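*Asks:* coordinates only, sequence not included:
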């Protein structure tokens, strides 16, 4: 443990808190600093110039990570047609069902990472707003998780498609891989996320949209990136 602590402290000394790092530099340094005994998650954190209290400034969507998330994703599917149940099951959904699954989740079961629903099921899934909403698990047409093609949706999520949503303080946190990934894989996943977040800018947002962006590992220091530089890079 002492060895890891010394390595982290040494890395912190290498980081200049008064400068911005490029996305490429951040990917390399964040991997170097991820020295915990477990496979740390690499995350991007954004601060946006939007007011999430207004519906026309809500930032929400999904992005397919080229190299996946590095973790097993548990998906549940709300559907009641036999062919859809079969497709979701074959795609590897952890739980598939109609009103019975709604009742189970309503009772407090949330041992899953993503939820998909058919449009016909949303009248029942809507009851789960207080359970799924705060956890960011409510199916959404914009995120591609309200669909009749449930098998494809499950496959995409398990392959690395993740959802993002701005919180009440205008922040977005998105995992972009694991410390075991190569720096190139971390960079390519992160680039996909940055580009998608920038494209999701609401037309109602006036002024500066991307105010801050930081990359960090679970136990490592954060690396600040230049918002204007990211905008220019992915324009």
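*Replies:* Arrived safely, thanks for sending. Since we're looking at a predicted model, the values are computed, not measured.

*Asks:* spatially, what comes nearest to residue 61 if we skip its sequence neighbours?
*Replies:* Counting by C-beta to C-beta, 6 or more residues apart in numbering, residue 61 lies nearest to residue 200, which is 5.1 Å off, once chain neighbours are set aside. For every residue, glycine as well, the C-beta is placed using N, CA and C.

*Asks:* in this structure the one you found contacts residue 59, no?
*Replies:* Yes - using C-beta atoms under 8 Å, residue 200 is in contact with residue 59, at 5.1 Å.

*Asks:* now do the strands in this protein.
*Replies:* 41-48, 60-64, 75-78, 95-97, 114-117, 161-165, 171-178, 210-217, 223-225 (DSSP state E).

*Asks:* make CSV from the ones you listed and add distance to residue 108 to it.
*Replies:* Formatted as CSV, these follow (distance: least, C-beta to C-beta, whole Å):
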stretch, distance to residue 108
strand 41-48, 26
strand 60-64, 25
strand 75-78, 14
strand 95-97, 14
strand 114-117, 15
strand 161-165, 22
strand 171-178, 25
strand 210-217, 32
strand 223-225, 38
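
*Asks:* out of those strands, which gets nearest to residue 142?
*Replies:* strand 60-64 (5.9 Å; C-beta to C-beta).

*Asks:* how far does that closest one sit from the chain's center?
*Replies:* A distance of 7 Å separates the centroid of the chain from that of strand 60-64, by C-alpha atoms, centre = their mean, to the nearest Å.

*Asks:* could you measure the residue nearest to residue 90 when sequence neighbours are not counted against residue 140, distance?
*Replies:* Distance criterion C-beta to C-beta, 6+ apart; nearest residue to residue 90, sequence neighbours excluded, is residue 151 at 6.6 Å. To residue 140, residue 151 is 18 Å away according to C-beta to C-beta, to the nearest Å.
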